[in-house]
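the sequence and its predicted three-dimensional model are supplied below.
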Number of protein chains: 2
Amino acid sequence: MKYYAGVDLGGTNTKIGLLDKSGKILIKETIKTFSGKGMETTLKRIWETIEKLMAEKKINKEKIGGIGIGIPGPVINQEIVAFFANFDWEANINISKAMEKISGVPTKLENDVNMIAIGESKFGAGKGSASSITVALGTGVGGGIVVNSKLISGISGAGGEIGHMKLVENGKLCGCGQRGCFETYASATGVIREAKSRLAINKNNLLYKSLEGNMEKLEAKDVFDCAKAGDEFSMEIVNYVGNYLGMGIGNLLNIINPEIIILSGGVALAGEILLDVVTEKLKQYALPVTLVNLEIKLGELGNDAGIKGGIALFL
Amino acid sequence: MKYYAGVDLGGTNTKIGLLDKSGKILIKETIKTFSGKGMETTLKRIWETIEKLMAEKKINKEKIGGIGIGIPGPVINQEIVAFFANFDWEANINISKAMEKISGVPTKLENDVNMIAIGESKFGAGKGSASSITVALGTGVGGGIVVNSKLISGISGAGGEIGHMKLVENGKLCGCGQRGCFETYASATGVIREAKSRLAINKNNLLYKSLEGNMEKLEAKDVFDCAKAGDEFSMEIVNYVGNYLGMGIGNLLNIINPEIIILSGGVALAGEILLDVVTEKLKQYALPVTLVNLEIKLGELGNDAGIKGGIALFL
């Protein structure tokens, strides 16, 4: 029996787990990333943690089939990171080789959202299906596309960058510097932005009251909670966001025609109230034939999706 | 040495060719489709033509490795046609099995635009690349996406239906019944529609003069020809179309991040004048990382792409 290490390298924290072939996590631990100490030191600390977990589970190195690492940035050929979104590490570095040199264990990389997608595809909401698209609705909108049971990573590591699909010509300005991107409308940030813009001219609603004058503490969750409580003002924002979510997902359906759409991330936690709007809107954006056998599901692996994706790269 | 038959089943004409493994066409013939005579009669006539071509080339049946047929409609699992876009043949029929019964030769199907895409990918503009997207700009906008050297056919056969990606919320009405589809802006029909709409209020231009009062004879080619001749009015239409072509292709780049975009079909014949606009517009729609190693090429196989795709299904 072989075991695998899954690593979810994050800006602040790094999650590390040991898994068996079925995707079961035997043991896991979270360490501070401390990326400022440099690439090599960080990889060494990750390997030391893996070794510690191995010792606790009495698994020796010969039994470790591979290390899979999720990276916050575009990954080329499962080994080279084009650039890091948040770290000041060098660009175009072969992190896979560097980790193999430190650990002596075969190492594969993927973009962190792709890692969540392949994790959900093999062990979570997409289990048993050959094609699925995971739409990760958080601070931004990320995506991971699995077809024929394989990730579409892209020639430059940008496969699945669905958050930058343009839905509105000359639309809202995005963090990427371009305009009208899917994520400016459907991310948590997009929800907050739209809510604040509307609250500036309309204060006669439950959402405004619930904030008790402190606009800074507004979260996407507040909008969904107030909509669920019957606040019309908040429900209009849900409709607005759900419309663009339907348009973006509809486009993906027409292009890829997958078996399953998996919604993950904070915004997806809004649940039924948002899903109902999206499902209705899809009828005007997606070709009917793409909806016939489609399942839309919420992600099932939560914070473990990234770690579980680590082993999926080796199966 | 095995040989293959490639069949491009069209609304009016059906192109049939015999090919060797390298994609070289040994002999080809075009017959009238006469779909009104029914599915079985049509398949028999196609097989009779293949037999005739085999006899002319002195190739016996044992040497035929397979028949690949391009279908005007969504194809599921390379064997079942969900429905025919133009024929009154039954829906959800296993055409592959029907042809195998008639011919005794293994038969695979694909959507006709997917067939062009896999043909261009293996033997044409995409030769040597593992990932390419063919954008077919004709009466509508079709597409075929190849990743890891395989077509994305979709669970219901609608993979690559890029023409129905929505670019404008509540935009122009499309033949599919929805609004704002890519093809309402970037197809030949879209070009003509926009030109006629503008000509209704502006007749002081070369395009209007060249039509000699007969608006009905307006073709997309006229707009491109007049733009090339320096007509500002026509150039504005080229800019308008090129803008949406850039937006649509930019979205595909952000989602798939392929090595090559292949433009085929009548509108693509506009050449440089359109390509220059698209290339410029891509900078505002595609993530820069997707453009670094991207090639944008015109299709190389012309009318033979569909036939050549036929053998590509068996390689």
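Arrived safely.

mind checking the SS state of residue A:238?
helix (DSSP: H, G, I helix; E, B strand; the rest coil).

contact partners for it?
Applying C-beta atoms under 8 Å, 6 or more residues apart in numbering or on different chains to residue A:238 gives the contacts A:223-224, A:227, A:270, A:273-274, A:277. C-beta here means a position set from N, CA and C on the backbone, and glycine is covered the same way.

without its sequence neighbours, what residue ends up closest to the closest residue to chain B within the stretch 51-200 of chain A?
Across the stretch 51-200 of chain A, the shortest distance to chain B (C-beta to the nearest C-beta) belongs to residue A:154, at 2.6 Å. Leaving aside its chain neighbours, residue A:154 sits nearest to residue B:257 (2.6 Å; criterion: C-beta to C-beta, 6 or more residues apart in numbering or on different chains).

would you confirm that residue A:289 contacts residue B:156?
Yes. The pair residue A:289 / residue B:156 is scored as a contact, 4.8 Å apart, by C-beta atoms under 8 Å.

which neighbours do the two share?
With C-beta under 8 Å, 6+ apart, residue A:289 and residue B:156 have common neighbours A:257, B:74, B:82.

of those residues, the lowest pLDDT goes to which?
Among the shared contacts of residue A:289 and residue B:156, residue B:82 carries the lowest pLDDT, at 91.

leaving out the residues flanking it, which one is nearest to that residue?
Of all residues not flanking residue B:82 in the chain, residue B:74 sits nearest, at 4.2 Å (C-beta to C-beta, 6+ apart).

state the distance from the one you found to residue B:66.
From residue B:74 across to residue B:66, the span is 21 Å (C-beta to C-beta, to the nearest Å).

for residue A:107, same thing?
Using C-beta to C-beta, one gets 40 Å for the distance from residue A:107 to residue B:66.

what does residue A:7 give?
Counting by C-beta to C-beta, the gap from residue A:7 to residue B:66 is 45 Å.

can you check residue A:175 too?
Noted for residue A:175: a distance of 50 Å to residue B:66, by C-beta to C-beta.

between these two, which is the more surrounded one?
Relative neighbour count places residue B:66 above the other of residue A:175 and residue B:66, with 19 against 14, counting by other C-beta atoms under 10 Å in any protein chain shown.

the strand or helix carrying that one near chain A anywhere?
Per DSSP states H and E: residue B:66 is located in strand B:64-71. No. Judged by C-beta under 8 Å from any C-beta of the partner chain, strand B:64-71 and chain A are separated, with a smallest distance of 14.1 Å.

quick check: can you name the pairing partners of the following helix or strand past that strand and their directions?
Note on strand B:64-71: by DSSP H and E, the next helix or strand toward the C-terminus is strand B:75-76. Its sheet considered, strand B:75-76 pairs with strand B:80-81 (antiparallel) by DSSP bridges.

which residues does the strand it pairs with contact?
With C-beta under 8 Å, 6+ apart as the test, strand B:80-81 has contacts from B:71, B:73-75, B:89, B:91-96, B:109, B:157.

the following helix or strand past it vs chain A: in contact?
Downstream of strand B:80-81, the next assigned helix or strand under DSSP H and E is strand B:93-94. No. Strand B:93-94 is not in contact with chain A by C-beta under 8 Å from any C-beta; minimum separation 15.5 Å.

next, the angle from the helix or strand following strand B:93-94 to strand B:64-71.
The C-terminal neighbour of strand B:93-94 among helices and strands, as given by DSSP H and E, is helix B:95-103. With axes from the mean of the first three to the mean of the last three C-alpha atoms, to 10 degrees applied, the angle from helix B:95-103 to strand B:64-71 works out at 130 degrees.
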